[in-house]
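Asker: predicted model and sequence below, questions to follow.
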Amino acid sequence: MNLFLTYPGGIDSDSQTVVQAMADVATIGLLQQREIHQAHTVQDQLQHALHSRISIEQARGILSEQAHLDLDDAFELLRSHARDNNLKLSTLAHHIVTGTVTATDLTPRT
């Protein structure tokens, strides 16, 4: 915060108290804004994680049904395919849920 006077000579002690109070209020406002921004960021991250988890669970169920696997094996198929193909697990899960990838696409061909 900058303080400019229209006259030379500085400010008196009463004015310094007012200026300090204004600076303190401005600082509190900035700190509160930062906290609000951080809280929104965390909220957005948690919401994204929740949506990703839902999509992964749906894909797990779809793979289980399509490939006749138990849920743990379906998740292992999902995870290993994502890892082997350098894909995000949530991205692969989304493709399975939307039907662009099926269990047949994930199982090795012999």
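Answerer: Everything's here; your move.
Asker: and the contacts of stretch 89-97?
Answerer: 52, 55-56, 58-60, 62-63, 78-79, 81-82, 85, 101-102 (CB atoms under 8 Å, 6 or more residues apart in numbering). Backbone N, C-alpha and C define where each C-beta goes, glycine included.
Asker: buried sites along it?
Answerer: Under the neighbour-count criterion of 16 or more other CB atoms under 10 Å, stretch 89-97 has Leu89, Ser90, Leu92, Ala93, His94, His95, Ile96, Val97 buried.
Asker: of these, closest to Met22?
Answerer: Distances from Met22 to the buried residues of stretch 89-97, taken as CB to CB, are shortest for Ser90 (47.6 Å).
Asker: name the element that closest one belongs to?
Answerer: Assigned by DSSP states H and E, Ser90 belongs to helix 89-98.
Asker: avg pLDDT for that helix?
Answerer: For helix 89-98, the per-residue pLDDT values average out at 95.
Asker: just give me how far it sits from the chain centre.
Answerer: For helix 89-98, the gap between its own C-alpha mean and the chain's C-alpha mean amounts to 18 Å (CA atoms, centre = their mean, to the nearest Å).
Asker: how about the CA coordinates for it, as CSV?
Answerer: In CSV, the C-alpha atoms belonging to helix 89-98 read as follows (Å, rounded to 0.1, in the frame of the first residue of the first chain):
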residue,chain,number,x,y,z
LEU,A,89,-7.2,-44.5,-15.3
SER,A,90,-10.1,-42.0,-15.3
THR,A,91,-9.7,-41.4,-19.0
LEU,A,92,-9.8,-45.1,-19.9
ALA,A,93,-12.7,-45.5,-17.5
HIS,A,94,-14.6,-42.7,-19.3
HIS,A,95,-14.1,-44.4,-22.6
ILE,A,96,-15.4,-47.7,-21.2
VAL,A,97,-18.5,-46.0,-19.7
THR,A,98,-19.2,-44.2,-23.0
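Asker: can you name the element that comes right after that helix?
Answerer: Heading C-terminal from helix 89-98, the first helix or strand you meet, by DSSP H and E, is helix 103-106.
Asker: that older thread, which among the contacts of stretch 89-97 end up buried?
Answerer: Burial by neighbour count, 16+ other CB under 10 Å: within the contacts of stretch 89-97 this picks out Ser52, Ser55, Ile56, Ala59, Arg60, Ile62, Leu63, Leu78, His81, Ala82, Val101.
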